[in-house]
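Chemist: Give me the fold of what follows.
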Amino acid sequence: MSGDPEENKSEEKDEGLNQAFAKTRKSLIARLDNWEDQKTWDEFYQTYWRLIYSVAVKSGLRSDEAFDCVQETILSIAKQSKKNLYDPEQGSFKTWLMNMTRWRINDQFRKRKKDTAMLTGDWQDDRKTAVIDRVEDPNGDLLSRLWNVEWKKNVAEAALARVKAAVSPKQYQIFDCYVVKQWDAKKVQERLNVSMAQVYLAKHRVGAVLKRE
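Modeler: Numbering: from 1, shown residues only. This next block holds a predicted model:
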């Protein structure tokens, strides 16, 4: 196990997210149990859950609320797709998915406000709507900017996942450390016990596969 505190924290965070992912995925599949294309929606979930989750959290939701948002967003998309409500001529899939996510994020904020009001008896605290207003405001671009950043990140991570499956584990590990994490070549050499030639070879070979994605 690595002795780097930052790497350990990152691994612990990823483990927590993966556990929550598995729980939400299981719940979602149960709710899609009678649908003919359950496998397709499972693949869709695995492709887009981090994107939706990241945008939801950065919009101000707690982790548990963000996972609820993930589940409800994908259920809504599945229902709309089943009814052929998505029209490619009306806009890109990227924008459609963003809007579906936006509405579910807003639902979570409304639920939070309602739950807080019921608990405190205060139905007039407009401060609770601050984040909702920023997300819903047609003149604002908070969520759009978040979405564009996270979308690009999600596309890159999906491409890397496909590359990882196409090259040797060792070559991908070297590429990940040297190119993705941007370690210097000497650090990669020492940490992974490889030669300098192996470092540059992995960069070239894995990079070539990535360019084809």
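
Chemist: buried sites along the host helix or strand of Val55?
Modeler: Using DSSP states H and E, Val55 maps to helix 38-58. In terms of neighbour count (16 or more other C-beta atoms under 10 Å), helix 38-58 has its buried residues at 41, 45, 48-58. To be clear about C-beta, it is placed using only N, CA and C from the backbone, and glycine gets the same treatment.

Chemist: Now it: average pLDDT?
Modeler: What helix 38-58 shows for mean pLDDT is 86.

Chemist: what ranges do the helices span in this structure?
Modeler: Taking DSSP state H as the criterion, the chain carries its helices at 5-31, 38-58, 63-82, 93-120, 130-136, 142-166, 169-175, 185-192, 196-212.

Chemist: Going by mean pLDDT, which of the ones you listed comes out lowest?
Modeler: Minimum mean pLDDT among the helices of the chain: helix 130-136, a mean of 51.

Chemist: quick check: domain ranges of this protein?
Modeler: Following automatic domain parsing, one finds the domains of the chain at 5-158, 167-213.

Chemist: I'd like to know how many residues surround Gln189.
Modeler: 19 (other C-beta atoms under 10 Å).

Chemist: I'd say it and Ala202 touch.
Modeler: No - with contact defined as C-beta atoms under 8 Å, Gln189 does not reach Ala202; the gap is 11.4 Å.

Chemist: quick one: the helix holding Val55 to helix 93-120, angle?
Modeler: 60 degrees (axes from the mean of the first three to the mean of the last three C-alpha atoms, to 10 degrees).
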